[in-house]
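Visitor: Make a model of this:
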Amino acid sequence: MSRFAPLKFLKRLAGMLLIFLGTTLSHFLVPGNRRSLWDRANWLQRWSRRTLALLDIEVVVRGTEPVPGLITSNHLSYLDVLVLSSIRPQVFLAKNEVAGWPLFGAFARWAGTVFIDRRRRSEVSSKGVAFQEVVEAGLPVTVFLEGTTTDGSTVLPFRTALLEPAIRTGWAITPCAIHYEAFGAEASDTLCYHGEMTLVPHLLTLMGRVDYSRAEVCFGEPVMREEDRKKLAADLHQKVVRMKREIEGKTVGGRRRADHQHDGPKDASLMS
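Guide: As a prediction, the model looks like this:
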C-alpha cells in the first residue's frame with residue numbers, strides 16, 4: 001500500500017465535508033431535486049460525479065448504455081453506486097443496512113433507493129410495484145445479485161429471487177461488470193469494500209493512500225426474455241464473469257484507450 005499523503009487527505013476530507021453540506025442543502029432547499037424519480041436520479045448523478053472527481057476516480061465505459069429494465073452487476077464496493085449512477089441516471093436496490101451509513105446512506109435515501117430485507121423472501125414480491133414505477137418512468141433498476149461485496153477475485157453465484165419482477169413483466173435485463181484499478185495501492189484493499197471492513201476507516205484509507213484510480217464498467221447486450229429464473233441467473237452470471245475477465249485482460253500491461261471515457265463534470269455548485 002502507498003504511503004499516507006496528508007495534504008491530499010486533508011484536501012479530500014474538506015471536499016467530502018463540502019459535498020455532504022451540498023447534498024443536504026440541495027436536497028432540502030431545492031424542491032426540483034426530489035419531485036420525481038428522474039429528479040432524484042439526476043441529482044444522484046450530479047453528486048456522484050463530483051464525489052468521484054474529488055477522489056480522482058476515473059470512469060471508463062464500454063458497451064451500450066443500458067435501457068430501462070434491470071441492470072445486474074457484480075458488487076465490489078459502495079463506490080459501485082457512485083460509478084454506475086455517474087454514467088446514467090438509475091435507481092438502486094440496496095439492503096436495509098445501507099440506509100444508516102454515514103453520507104452514502106443519505107445519498108441512497110435521497111436518491112430514491114429501494115431498500116429491501118434480503119432475509120425475507122416476501123420482500124421481493126412486495127417491491128415489485130416499486131420496480132415497476134421506476135421502469136415505467138424510463139429508468140433502469142440496478143440490482144447486485146451476489147447479495148454482498150467481494151474483493152474482485154471472483155463473482156459469486158447470482159441469487160435468483162430479484163429476477164422475478166423482470167421475468168413476470170418481460171423487462172430487458174442488462175448484464176454489467178465492474179473492475180477497479182488503484183495506482184499506487186491495491187484495489188482489493190482500498191477500493192473494494194468487503195469482509196469485515198468498516199465504512200469510515202475504509203473511506204479514510206481511500207482518501208489518504210490512493211493517488212488515482214480507475215473504474216472500468218462494461219455493459220453487455222440486454223437479455224429480453226427468459227422464463228426460467230435459475231437459467232437466467234446462470235446466464236447473466238456467465239456474461240458478467242466473461243466481461244470482467246475481458247476488462248482485466250485489457251488492463252494488463254498498462255493503460256489503454258476505451259470506447260468511451262467519462263470523467264464527469266467538474267461542477268462546484270452546491271445547490272444543483
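Visitor: Glu246 contacts Gly220, doesn't it?
Guide: No - taking C-beta atoms under 8 Å as the definition, Glu246 is not a contact partner of Gly220, at 10.3 Å. For every residue, glycine as well, the C-beta is placed using N, CA and C.
Visitor: So these two - more neighbours on which side?
Guide: Gly220 (20 against 15; other C-beta atoms under 10 Å).
Visitor: Could you double-check that that one lies in contact with Cys176?
Guide: Yes - with contact defined as C-beta under 8 Å, Gly220 reaches Cys176; the gap is 7.2 Å.
Visitor: what residues are shared contacts of the two?
Guide: Between them, Gly220 and Cys176 share these contacting residues under C-beta atoms under 8 Å, 6 or more residues apart in numbering: 240, 243.
Visitor: what are the ranges of the strands in the stretch 101-250 of the chain?
Guide: 114-116, 140-143, 172-183, 212-219 (DSSP state E, counting those that start in this stretch).
Visitor: Which one of the ones you listed lies nearest to Glu97?
Guide: For the strands of the stretch 101-250 of the chain, proximity to Glu97 was assessed by C-beta to C-beta; strand 114-116 is nearest, at 8.9 Å.
Visitor: Was I right to think Phe104 contacts Tyr78?
Guide: Yes - the pair Phe104 and Tyr78 qualifies as a contact (C-beta under 8 Å) at a distance of 5.2 Å.
Visitor: Tell me the spacing between Ser26 and Gln90.
Guide: Distance, Ser26 to Gln90, by C-beta to C-beta, to the nearest Å: 19 Å.
Visitor: How about Ser77?
Guide: Taking C-beta to C-beta as the measure, Ser77 and Gln90 are separated by 17 Å.
Visitor: so where's the stretch 1-150 of the chain uncertain?
Guide: Low-confidence segments of the stretch 1-150 of the chain, defined by pLDDT under 70, are located at 1, 118-126.
Visitor: go again using 90 as the cut-off
Guide: 1-4, 20, 31-35, 64-65, 67, 94-109, 114-132 (pLDDT under 90).
Visitor: And the helices in it?
Guide: Along the stretch 1-150 of the chain, the segments classed as helices by DSSP state H, counting those that start in this stretch run 6-29, 37-54, 79-87, 104-110, 122-126, 128-136.
Visitor: what's the closest non-adjacent residue to the spatially most central residue of the chain?
Guide: The centre of the chain sits closest to Val81, judged by C-alpha atoms, centre = their mean, with a distance of 2.2 Å. Here the nearest residue to Val81 in space, its sequence neighbours aside, is Phe92; by C-beta to C-beta, 6 or more residues apart in numbering that works out to 5.7 Å.
Visitor: how close does the one you found get to Leu145?
Guide: Using C-beta to C-beta, we find Phe92 at a distance of 13 Å from Leu145.
Visitor: Same question for Thr174.
Guide: As it turns out, when the distance is counted by C-beta to C-beta, Thr174 lies 13 Å from Leu145.
Visitor: what residues are shared contacts of these two?
Guide: Residues touching both Thr174 and Leu145 (C-beta under 8 Å, 6+ apart) are Thr72.
Visitor: Wait, Glu216 touches Ile247, no?
Guide: Yes - applying C-beta under 8 Å, one finds Glu216 in contact with Ile247, separated by 4.6 Å.
Visitor: got the contact list for Glu181?
Guide: Applying C-beta under 8 Å, 6+ apart to Glu181 gives the contacts 187, 213-214, 216, 251.
Visitor: for those, which one is nearest Val114?
Guide: If you rank those by distance to Val114 using C-beta to C-beta, Glu216 comes first, at 26.3 Å.
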